[in-house]
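Peer 1: for reference, the sequence and a predicted model appear below.
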Amino acid sequence: MRQDCRGSRVPISQGLRSRAQRIGRRGALLGSFLLLLCAGLARAEPPSEPDSGAGDADMGNFLLTQNGALPVPVIITEPAVGYGGGLMLLYFSEPAAASGPEGQDQSGRKPPPNVTGIGGMATENGTRGAAAFHFHSWDADRYRYLGALAQGRANLEYYGASSHGRSYEVKGTYLMQQFLFRVADSPWFVGPSYSYFRSSTRFTGTPAGELSKAELAGHIGKAGLVVDYDTRDNMFYPNHGTYTGLEAQAARSWLGSDNSFENYHARAYTWLPVAPRWTLGLRGDGQFTRGSVPFYAQPYVDLRGVSRGRYQDRDALAFEAEMRWDATPRWSILGFSGVGKAYGNWKSFSEASNVVSVGAGFRYLIAAKLGLAVGIDVAHSKDQNAFYIQVGSAWR
């Protein structure tokens, strides 16, 4: 997805990643492509049914009612791992009918589809992995479950206090579990989460001498609380609405972690129709840590066009704006720009440099009933270029 298999930013997308993601965030570099794919599933409101566009190809009914699987190619151009590819198979099914008409509850909400995915990826620098996930909702979307399992190896670079990357390898197994329940009849969800990353790491060249022994630790076990607010009209590619989320997690030895530390992740996305066929999207994302965080799990600037992990520190911020024009009921064109910075340990907030990215892309609404769009984003930042195959929005 990265291209990340986030995809890595495999941007394969947001669409399928909302919740898993950032649950382990970098303990998940390995499972990053899975997380991205899972991203948006556990939090978004169900899609509306847009104008299907007569004569245009649509897979919605096939995916939901004919036991169809959607193959999603993963083309990776993420600067952090080099060129590569892979394949995800996504299976959709409709949840058990709610008590209201057409499967809706008393508030008129239609539950989001259940989604199962499995896939694998590999890149030219030896990074490889496989993952599976499942998202499920019950009782007219009152309860939501997301589970994921990933295993693999990633060859990356750590910058830290240096202006030059130091090559390292991280390999292991990543597990995450999350269960949310709706608060009364509101757009608020709350629930527990747990993630575990059993890993081994080693620097394959010059080591990062600024790291302490604790920061070189391998295993991460975290539990915490997730609070979401979601009024999006579509979990994959919203036309309007807002999503905000807060995750507070603690890593402790009794949870399977080598170190004790805390991490907090706050994010907010909103989509505003500003004119017929024009939609403005705004994104804010902040990650904050305290304690002895393993170096590979430190927050980093997460923007399209910026190599994953290039700007990494104790805390990280990112802001992004995106303008979308719906050229037809099926086709849309978008442009975006973002800014971010990482700070707190190696550099103070004022000393840390601002990272700026710009880009453009397009989407095709491949499954109107699901609100599922696919397309490509091309992005640029300082000395870096990347393109991403996207399923849905790039924001998870």
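Peer 2: Good, I have the coordinates. Residues are numbered from 1 along each chain as shown.
Peer 1: where does the stretch 151-300 of the chain have low pLDDT?
Peer 2: Along the stretch 151-300 of the chain, no part satisfies pLDDT under 70.
Peer 1: let me redo that: the stretch 1-150 of the chain
Peer 2: Where the stretch 1-150 of the chain drops to pLDDT under 70, the residues are 1-68, 96-110.
Peer 1: try it again at 50.
Peer 2: 1-52, 98-101, 103 (pLDDT under 50).
Peer 1: need the helices for this protein, in chain order.
Peer 2: 32-38, 60-65 (DSSP state H).
Peer 1: what sits against Leu87?
Peer 2: Neighbouring residues of Leu87 by Cβ atoms under 8 Å, 6 or more residues apart in numbering: Pro71, Val72, Pro73, Val74, Gly119, Gly120, Met121. (C-beta placed from N, C-alpha, C; glycine too.)
Peer 1: narrow those residues to those that are buried.
Peer 2: Among the contacts of Leu87, those classed as buried by 16 or more other Cβ atoms under 10 Å are Val72, Val74, Gly119, Gly120, Met121.
Peer 1: run a quick neighbour tally on the closest residue to the fourth one other than its chain neighbours.
Peer 2: The spatially closest residue to Gly120, leaving aside those adjacent along the chain, is Ala130, at 4.1 Å (Cβ to Cβ, 6 or more residues apart in numbering). Around Ala130 sit 17 other residues, with neighbours defined as other Cβ atoms under 10 Å.
Peer 1: so Ala130 bridges to which residues?
Peer 2: Using DSSP bridges, the beta-bridge partners of Ala130 come out as Gly120, Gln151.
Peer 1: so it is in contact with Ala148, correct?
Peer 2: No - with contact defined as Cβ atoms under 8 Å, Ala130 does not count as touching Ala148 (11.7 Å).
Peer 1: got a markdown table for the contacts of Leu87, with distance to Gly152 too?
Peer 2: Listed next are these as a markdown table, based on distance: Cβ to Cβ, whole Å:
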| residue | distance to Gly152 |
| --- | --- |
| Pro71 | 20 |
| Val72 | 18 |
| Pro73 | 18 |
| Val74 | 13 |
| Gly119 | 11 |
| Gly120 | 8 |
| Met121 | 8 |
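Peer 1: tell me the one of these nearest Pro207?
Peer 2: Checking those against Pro207 with Cβ to Cβ, the nearest one is Met121 at 27.5 Å.
Peer 1: in stretch 376-386, what counts as buried?
Peer 2: Ile376, Asp377, Val378, Ala379, His380, Ser381, Gln384, Ala386.
Peer 1: show me the residues you listed that map onto strands.
Peer 2: Ile376, Asp377, Val378, Ala379, His380, Ser381, Gln384, Ala386 (DSSP state E).
Peer 1: those into CSV, with extra columns for distance to Ser257 and pLDDT?
Peer 2: Converted to CSV, those look like this (distance: Cβ to Cβ, whole Å; pLDDT from 0 to 100):
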residue, distance to Ser257, pLDDT
Ile376, 38, 93
Asp377, 35, 95
Val378, 39, 94
Ala379, 34, 95
His380, 38, 94
Ser381, 33, 93
Gln384, 33, 85
Ala386, 32, 86
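Peer 1: which one among the residues you listed gets closest to Arg308?
Peer 2: Looking across those and measuring by Cβ to Cβ, the closest to Arg308 is Ala386, at 9.8 Å.
Peer 1: okay, and the beta partners of that closest one?
Peer 2: When bridges are called by DSSP bridges, Ala386 pairs up with Ala379.
Peer 1: so it sits against Arg308, correct?
Peer 2: No - the pair Ala386 and Arg308 fails to qualify as a contact (Cβ under 8 Å) at a distance of 9.8 Å.
Peer 1: neighbours of Phe319, just the number please.
Peer 2: By other Cβ under 10 Å, 15 other residues sit near Phe319.
Peer 1: also Lys347?
Peer 2: Counted with other Cβ under 10 Å, residues neighbouring Lys347 total 16.
Peer 1: how close does the closest residue to it other than its chain neighbours get to His164?
Peer 2: Leaving aside its sequence neighbours, Lys347 sits nearest to Asp313 (Cβ to Cβ, 6+ apart; 6.7 Å). Plainly put, Asp313 is 16 Å away from His164 if you go by Cβ to Cβ, to the nearest Å.
Peer 1: and if you look at Gly218?
Peer 2: Going from Gly218 to His164 by Cβ to Cβ gives 24 Å.
Peer 1: pick out whichever of these two has more residues nearby.
Peer 2: More crowded of Gly218 and His164, by other Cβ under 10 Å: Gly218, with 19 against 8.
Peer 1: distance of the more buried one from Leu146?
Peer 2: Gly218 sits 25 Å away from Leu146, going by Cβ to Cβ.
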